[in-house]
Structure formats: C-alpha cells, structure tokens
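Undergrad: The following block contains a protein sequence and its predicted model.
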2 protein chains.
Amino acid sequence: MGKGKAKRGIPSKGEDFNSWYPFIVEAAELVDKRYPIKGMDVWRPYGWKAMKLIDQLTHHEMERTGHEEVNFPLLIPENLLDKENALVAKLKLAREEGVDPDDLRIEVEEGGFKKEVYWVKHAGENELEIPMFLRPTSETAMYTMFPLWIRSHKDLPMKIYQMVNTFRYETKQTRSFIRVREIHFFEAHTAHVDEECASRQIQQDLEIVDNLMHDLCLPVIKAKRPVWDTFPGAWYTIAIDAIMPNGRTLQVASCHHYRDQWAKAFDVKYEDIDAKQQYVHQTTYGMSERLLGAIVGMHGDDDGLIMPPAIAPFQVVICPMIRKNSEVDTVAKSEEIANVLRKSGIRVKVDSRDIHPGQKYYDWEIKGVPLRLDIGPRDIDNNTAFAAKRTGGKEPLPMDDIVNECRRVLEEISNELRKRSQIHTQDVVVPLIDLDNVEDGKIYELAFDGTDSHAEQIEKTTGLSFLGDATEPYADERPCFMSGKLTTRRVLLAKTY
Amino acid sequence: MGKGKAKRGIPSKGEDFNSWYPFIVEAAELVDKRYPIKGMDVWRPYGWKAMKLIDQLTHHEMERTGHEEVNFPLLIPENLLDKENALVAKLKLAREEGVDPDDLRIEVEEGGFKKEVYWVKHAGENELEIPMFLRPTSETAMYTMFPLWIRSHKDLPMKIYQMVNTFRYETKQTRSFIRVREIHFFEAHTAHVDEECASRQIQQDLEIVDNLMHDLCLPVIKAKRPVWDTFPGAWYTIAIDAIMPNGRTLQVASCHHYRDQWAKAFDVKYEDIDAKQQYVHQTTYGMSERLLGAIVGMHGDDDGLIMPPAIAPFQVVICPMIRKNSEVDTVAKSEEIANVLRKSGIRVKVDSRDIHPGQKYYDWEIKGVPLRLDIGPRDIDNNTAFAAKRTGGKEPLPMDDIVNECRRVLEEISNELRKRSQIHTQDVVVPLIDLDNVEDGKIYELAFDGTDSHAEQIEKTTGLSFLGDATEPYADERPCFMSGKLTTRRVLLAKTY
C-alpha cells in the first residue's frame, strides 16, 4: 500500500468491501453510527441532503403520474391486524391446498409481522388497553381508511403515497442504509376498478423505476419473485435488485399487485357504472434509503464516494488557490463563478479554507463531489477554471461559458457512471452452467420452467437465492435447466443482502 | 339562518367556533379524524400540501440563516434521560432555594417527561433490556451526540434543525393541529461559544418568526414566559402565541436560551482560542402543525377556510363555464391560462367538472382557495377572466397581463388578511382595569413588576394565564398593577389553548 493510501486510511474497496462500506458512510459524513441504538443511525446534513434529493426525484415522478401525497399516523392498533392476519393465513392455506382462497373461511391467526415490530404497550404510567405497534409498512393503516374514501368508480383510480419513518425489529446484523431498524420509507398505494387497470399501474411503476435508476446511474435487475418470496397478500411481486460491487444483490424497490385480495379482507368496494358493488384491485410500490446504500456501494472507489450528479448535495466544488501576497483575488472570482452556476440551478460549494489544496481534494473526494473546479491566478489569466472529474480526467473550462460547460461535464460524469454500471452488470451476470461450480460474486441466469422442488434443489446446491423471472425474458425458447422443457423464462440467481 | 346556510351545513364561526373548527378541518379535507387512535389524524393530500408549503417557508428561512438539516432516530433509550432529569431537578431545587445551580449536586430523579411519553418496552416477542420512548422533543437524543461533533471553537456556531414526528401522550381533549398525540414538529438546535452569541441566535429566531408570520398573515404575541412557565433546563423561554378568533391564545412557536445548563449536563465542551475547555451555550427554536391550526382558526369564515396565498395549495382555481353547444371552448382557454400562470410559479387548479357552478364555488370556498377565476364565453369575448377574491370583491382581469394581475390580487388578499389580523389584535388586546371584571374573549395587558405571589393572585382571580413579558415593552414607565412600582414591563394575560 502506497504512502498516500496509508495516510488516508480508507480501506480498499476492491479488496475488502465489507470494511470499506461502513468506513466510508461515516467518513463522508452521511450518518453517525454512534447513536446508542444499533441500526438507528443519525443522518448528518450531508447524508440527509443526498437522501432528500433522491426523495425529490421520487416526488417529481409521483407528481408526473398523478399520485397525491398523504401522511398516516405511525402507530397502528393491534386489533387492526386481525384482518391482515386472516388474509395472509387464508392465502397461505389456499396455496398449500391448491384451492381458491375465496372458498376458505379462516379466523384470525398470529401473523409473522408480530415478530418483527416494535410494540407500544405503555404510555406515561399507564398500560394501554389495546397495544399498538410502530408501522413496518402501512397497508393495515391505509386500508382501514380506504372504504371511507372510495365509494364510486368516479373515485378511482386512487393513487396516494407517503414518505415516512417505518420500523422493523431487525435481528440480523445491521448495516447503514442496507439493513436498519428505523427506515426512511417511500410507499405508494393505489386502488383501481379492475385487475387490468392495476396491472397498468405496475407497468407505470416499472417505468418510474427506470427513470430513477437512470438518474441514479444504478445497475438493476427487475424480477418477478417466485411464489414463496411474494409479499404476503400479493398476487405477485416484482422486485428491483441493485447489483452491488461484490456481486450480491440489494433489493431497493418492489411493486406488488394485490388483485382484490386485500380489498376483500378490508371490504374496500366501489359502485360500478351499473350501480353494482365491486371490490377494488390494488397495488403498492415501495422504496427506501437502500437506494442511497446502493449508490454508496456501486459508485464509490478507494478515494471515497462518487455522487451521481442528479442527487449530489454539491455538484461542483470550487477550490480557489490561496496565494499569500497575490494580486489576484481567487476567492472573489470563485464566489462570482459560484453565483453564476447557482443562478442556473447548479448546486455549488466554494471551499475557501486556507489549508493545503491536497487536504481539500481529499475531503471532497471522500464526499464524492462529481466536479471540482480549481481556480488559481494563472487560470484567471487564461479565463478558465481547471476541472477535475471525480470519475477521472482533467481539463480547463472556459469561464465565459461556465454554466454550459459544467452541465456538459456533469452529464459526462453521469454517463461514465452508467457505463461502469453496465460493464459491471455484463461482468457479473453469467449463464449457469454447472450447479456444483458456482463462483463467488456472480449472478447466474438460466432458462427455468421447473417445479418448486427443482428450485429448492438449485438454491440448496448453489447457496444462492432465486431473484425470480427477469422482466426481460429470453428472445428465443431454451431448454429448462432442470426439466429440459422449452421456455423463454429467464430466471436469476444471486447471493442477496 | 338563511336557506343557503342550512344547505351548506357549516356551523357559524362567530357563534360557535368550537363546532366550526372541527367541522371545517374535515370538510376542507385537511385531515381525516376517523383513524382509530384519538389525537392521531390522517393527513389528506390537501392538508399535507398546505403543511408542506409552510415547511418550505421554514426550510427557506433555515437555509437563509445557515442552519443545516439533520434527522435523528425517533427512539430514545430511557437511560439517556438520566442526565436530563438530573438537570431539571437541579434547576428546580436551585430556583426554590434561591441558590446557584452550580453549587448543587443532585442525583437522578424521575422527570416529568416520563409521564407524557409513549414507551417501547417490547420488540417482536422480546422484552427490551433498556426501555425506549418515542421522542417528545430531541434535546436528549441530540445532546448525546453533540460532544462527538463539537471539539473546537472552529466548530461553532453549530446550527442544525430537523422536521420530524414527535409524540406526546396527551390526556387532555385532542383537537386537530392544536392538541395532538403525533406532532409534525420542527426543531432547531444551536450551540455557541458564549451567552451573547446564543442571545443573538434568539434575536435571529424572532426575526424568522416575523418573516413567517408575515407570510402566514397571523397575528401573534411574542412574550418572555414567566419563570414558572419556562421550558425545563432553559434560562428563559420566549413563546409566540397566535391570537385566535375567540380571544384565546395558541402557542405556535417557542425559543429557549439554555445558557450552558444543558452543556454542563451533557458535557458539551469546546476548546477556545486559548486552548481552554469551555461549555457551549445553546438555544432551541420549535414550531409545529399548530401554525396550520392558527391559520384555519384565524382566517376562516362561515364559508370555510381562507388560505394565505403564501401557503395555499392552490392559489388560483379556474372555473370554466361549461355551456352545452357553445362554440367557445372555455375549458381549453382555462387550461391555456392555467399553463401561463403555472410557468410563473403560481399554483393553479382548473375545475372543469360538468356540475353546477354553485357547487364548484362551494367546494373551493370551503377549501379556502384565495382567488377564483371564472371564464365564460363572454369573458373570452372581452379577453378577461372574472376574478372573485375569497376575502370578498370581484373584478375582471385582463387576460393579456394575467400573471401580473393575479400576483397583484393575491398580494391584495394577503394584505387584507393582515389587516383583519391587526384589527382583531386591536379589538382583543385591552388594558387590565379591574381584576374582578375580566371579559371572555379578551387578552389583557398590564404594567407589572410584582412578585410571583402577586402573579399567582392575578391568575387565580381572573382565571387567565400569564403569557409573560411582551418583547415590546411600554415606551414609558407606568406603575405596576400590583405593587405600584414604576416599570416599563408590559405583561399579557390570556386564556390559552
């Protein structure tokens, strides 16, 4: 390890990702993990700003697609869970017995959720009559209200969303953004007149995912989860998995088509055009701060983070060269340039600290500012600013056209991150040849049309998990890896977070 | 009551404010109170949008004054309270005994907070080793981290804020926005090198309050609370009370100067310029959704809300006159005008429902949209839109200059709301003449420089509470109402929410 590296003290990302990641989230001042509850970090200004910029992209997509923002209470009374538990139990039994869930009558059963939530059973000095829990997600809270809001087909589609804190009593090892106990959560919930309209919503959700992933420059896999990994109460689940540098996948978003299953449990009906009562068909779409975890993991390098320009708290940092006794005021020139950029909506920071430039570079490289502009007396003479891209490469930019030049370079940086993501995906996703020879750090694809027990056999032998059917199947029919039956189903296998 | 009123079913605000208020918050679709936990309402899209626009004004002020946004965990382990409880107990005793708190050594005592919080003592199927509570405010959580972040005078001032959900186990009757159990909370926390710098922060906070109240058109009283009503651990508290239509006051914000009292409890020190360790001096500034409660209460009338233009989710609603078989497309013209307005940043809604105009007017009046533009075939012929101000008054606006015209009229509406607030304040705030003859719905001012027992006597006799010393004292000296001693202290008395 060179002298520079040792001084920096950043673990090598390539050699030891599991040390690099927790080091960098604190060194870049995204969060502070020293808060005395495990899995509940403090968001520091820089990290929170990045998260809010991600949220802003989401808000924008929600507005574009006609979703309205709401805000539900955090606490959910335990007795509201009864309907949900009955639904989950019913669907589980129906699946096991291979019958239509509507033919089943099932009473309340203790649901799995209860094991994963934080309970509020006391307030002040009193024990509460009805215990409450901190929402892990808001189906139960929301669908309690839906029947009050939906009366007629004119009220549909109803498309709402919220960004709130949710909680999960996580017993596995926690990791900033990736596995936490207080989650910064986005959830959209929609209700439609029928299954087809709900399916169109899922298509729209996937289009939103594409837009977001383009901005975040993230490589993802979209896959319809296998039945055993479908969200409770869902007809099907499409999950979006980010591909991490070590080849493991991180589920960063998911969409669920509920058909009318929840509606039946919560009695969410509407009067159709012929004055008949019908159950609504519902979908949900969820994301979380895992998006930031994927950004940290995927784009960073041995010098620190690399923030995609779309969500970089500072897209440009300007470092004036501070020279004692110089006649040229580089700080004033830097502020001037910064103001020009700010007026065009570019997020800029001027670092006029009187410290060694190397220290400044180090600080902003760790924080992943995509573009640095150095301005010294000679640059001012030349009427240029000297640009250093966080993704590599330097060039002088003419000051007279600095806004367009910065925009161009920022776009280049985004494209470079996208290219790297694409190359990484190509490197990591490989065809499955031999069950007994799977390599660490790879994601395997295979033609698959086998049974659940075939799938179980594959998972057990490889130690990998089924991500499910890729939303993009094979163009041609191929023999199923297990059964030999011809199929276009392209199934993905990975080690997951 | 006229026929129109009966049909509308809105209680009269002037005659029965206590019925009008809860009716209107639901009729205007700000919140839904049918969620099955008392004091925890569901924010509906319209109400949440208004709240977020208020938040946006606050974000803007925070950015202007160099505060950075953070986000702390919701849960606080019980043992962190020990330091806080010791502090509060110490200050209480010091006050009672009339001694310097630094001379006292006190061990942990059960604090008042414990009686007002929701407890998490269970997670999943486990009982937690250390119980946690849902934050009622974040001093304890934040000041646990401050010593880790503050090392040197170069780290000061530190100015951070967050907007989060906080919780209070409220045993009094709940009221939407005014007294709730899950609170949409804003809190700024600052640390400074000394008392004077912290005092300057309080001055800046009050300036921020003035800017916000100008935008919200709210009449407020700023008063330094009496000692017995000072926030635990604070040197002094300045509270901002909105004057409600019934003459009661609603505390909508407060600023606390902590001196170094919390710093001593939490050991928040810095190295000064002479390399000596010093305690920081701290302030906090808090606000909540009560701002929206004050807006609803103060500006509304018998037809519904009146939203101040600065935070109106829709500043302008355009109602095309829908005429069957008309050759003129009023809807297209309305959309065209709406787009022009939107491009200039004005928030606009086009209501092209094919229903009776009276129904549309009713809906938008209840929701308090400040400016309605009616566009019919004749208006299009005249190249005007017919404006109806929610505060009263109608006039045609030339379409060719619609942006400037709308801006002018919206400013007129803001000014009208401010004028009404000012008149209300003049009507309601009156000098105290006779302790035994206080009138309902009035706020009393008096010259006061008496003792705590004088104050207690006044509160008992009048049934009113001391708001404290107005930040604007009398210009001249006057005899104290109780002791006769000359003073410029102007003290306010009111019935409070």
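TA: Sure thing, it's come through.
Undergrad: From now on I want contacts and neighbour counts done on CA atoms only, so please keep to that.
TA: Fine.
Undergrad: how many other residues sit next to A:Thr487?
TA: 18 (other CA atoms under 10 Å in any protein chain shown).
Undergrad: tell me the contacts of A:Glu187?
TA: A:Thr137, A:Ser138, A:Tyr161, A:Gln162, A:Met163, A:Thr284, A:Tyr285, A:Gly286, A:Met287 (CA atoms under 8 Å, 6 or more residues apart in numbering or on different chains).
Undergrad: what residues are up against the nearest residue to the last one once chain neighbours are set aside?
TA: What that stands for is A:Met287. Leaving aside its chain neighbours, A:Met287 sits nearest to A:Ala253 (4.4 Å; criterion: CA to CA, 6 or more residues apart in numbering or on different chains). By CA under 8 Å, 6+ apart, the contact set of A:Ala253 is A:Ala239, A:Ile240, A:Asp241, A:Tyr285, A:Gly286, A:Met287, A:Ser288.
Undergrad: Show me the domain layout of chain A.
TA: According to automatic domain parsing, chain A comprises the domains A:31-74+A:135-298, A:314-420, A:428-494.
Undergrad: how about TSV for those domains, with distance to B:Thr249 and mean pLDDT added?
TA: As requested, those are exported to TSV (distance: least, CA to CA, whole Å; pLDDT from 0 to 100):
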stretch	distance to B:Thr249	mean pLDDT
domain A:31-74+A:135-298	27	97
domain A:314-420	42	96
domain A:428-494	58	95
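Undergrad: what's the burial count for A:Ala223?
TA: 23.
Undergrad: Quick check: closest non-adjacent residue to it.
TA: In space, A:Ala223 is closest to A:Ala470, 4.2 Å off (CA to CA, 6+ apart).
Undergrad: can I assume that neighbour is in contact with A:Val220?
TA: No - look at A:Ala470 against A:Val220 with CA atoms under 8 Å: they stay out of range, at 10.7 Å.
Undergrad: can you pull out the helices in chain A?
TA: Ranges of helices in chain A, per DSSP state H, are A:3-8, A:17-27, A:45-64, A:81-97, A:139-149, A:195-216, A:261-266, A:290-299, A:330-343, A:357-367, A:377-382, A:402-428, A:452-462.
Undergrad: Could you say which of those is packed most deeply?
TA: helix A:290-299 (a mean of 23; mean count of other CA atoms under 10 Å in any protein chain shown).
Undergrad: what's that helix packed up against?
TA: Judged by 3 or more CA pairs under 8 Å, 6 or more residues apart in numbering or on different chains; DSSP states H and E, helix A:290-299 is in contact with helix A:17-27, strand A:236-243, strand A:249-259.
Undergrad: what's the spacing between the first one and its chain's center?
TA: For helix A:17-27, the distance from its own C-alpha centre to the chain's C-alpha centre is 18 Å (CA atoms, centre = their mean, to the nearest Å).
Undergrad: counting contacts, what elements does that helix pack onto?
TA: helix A:290-299.
Undergrad: quick one, the helix it packs on and helix A:195-216 angle?
TA: 40 degrees (axes from the mean of the first three to the mean of the last three CA atoms, to 10 degrees).
Undergrad: Which residues does helix A:290-299 contact?
TA: By CA under 8 Å, 6+ apart, helix A:290-299 touches A:21, A:25, A:50-51, A:176-178, A:216, A:218, A:242-245, A:250-252, A:305-308, A:417, A:421.
Undergrad: so who does the closest residue to chain B within the stretch 201-350 of chain A touch?
TA: Ranked by CA to the nearest CA, the top residue of the stretch 201-350 of chain A for proximity to chain B is A:Pro313, at 12.1 Å. Residues counted as contacts of A:Pro313 (CA under 8 Å, 6+ apart) are A:Tyr46, A:Lys49, A:Ala50, A:Leu53, A:Arg347, A:Val369.
Undergrad: Just want to check the distance between the residue nearest to A:Leu212 when sequence neighbours are not counted and chain B.
TA: Spatially, and ignoring its direct neighbours in sequence, A:Leu212 is nearest to A:Leu57 (7.0 Å; CA to CA, 6+ apart). Distance, A:Leu57 to chain B, using CA to the nearest CA, to the nearest Å: 16 Å.
Undergrad: Give me every residue in chain A lying close to chain B.
TA: By the rule CA under 8 Å from any CA of the partner chain, the part of chain A lying against chain B is A:34-37, A:40-45, A:48-49, A:68-74, A:77, A:114-125, A:144-145, A:169, A:182.
Undergrad: Can you tell me which of those residues are classed as buried?
TA: A:35, A:40-45, A:48-49, A:68-74, A:77, A:114, A:116-124, A:144-145, A:169, A:182 (16 or more other CA atoms under 10 Å in any protein chain shown).
Undergrad: any chance of the helices of chain A in CSV, with distance to B:Leu341 too?
TA: Below are these laid out as CSV (distance: least, CA to CA, whole Å):
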stretch, distance to B:Leu341
helix A:3-8, 53
helix A:17-27, 43
helix A:45-64, 18
helix A:81-97, 46
helix A:139-149, 31
helix A:195-216, 27
helix A:261-266, 40
helix A:290-299, 35
helix A:330-343, 22
helix A:357-367, 39
helix A:377-382, 42
helix A:402-428, 27
helix A:452-462, 58
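Undergrad: which one of these lies closest to B:Glu336?
TA: helix A:45-64 (18.6 Å; CA to CA).
Undergrad: related to what we said a few turns ago, distance to A:Tyr361 added to the helices and strands packed on helix A:290-299, as a markdown table?
TA: As requested, the helices and strands packed on helix A:290-299 are exported to a markdown table (distance: least, CA to CA, whole Å):
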| stretch | distance to A:Tyr361 |
| --- | --- |
| helix A:17-27 | 14 |
| strand A:236-243 | 29 |
| strand A:249-259 | 31 |
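Undergrad: which one of the ones you listed lies closest to B:Lys485?
TA: Among the helices and strands packed on helix A:290-299, helix A:17-27 comes nearest to B:Lys485, with 59.2 Å by CA to CA.
Undergrad: Next, name the residue at the spatial heart of chain A.
TA: A:Leu291 (2.9 Å; CA atoms, centre = their mean).
Undergrad: what pLDDT, on average, does stretch A:75-86 get?
TA: For stretch A:75-86, the mean per-residue pLDDT is 85.
Undergrad: Could you export the domains of chain A to TSV, including columns for distance to B:Gly14?
TA: Listed next are the domains of chain A as TSV, based on distance: least, CA to CA, whole Å:
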stretch	distance to B:Gly14
domain A:31-74+A:135-298	30
domain A:314-420	47
domain A:428-494	61
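Undergrad: Please name whichever of the ones you listed is nearest to B:Ala86.
TA: domain A:31-74+A:135-298 (19.6 Å).
Undergrad: ok so, going back, so which two of the contacts of A:Ala253 are the farthest from each other?
TA: Longest span within the contacts of A:Ala253, CA to CA: A:Asp241 and A:Tyr285, 13.9 Å.
Undergrad: From chain B, how far off is A:Thr391?
TA: On the measure of CA to the nearest CA, A:Thr391 and chain B end up 28 Å apart.
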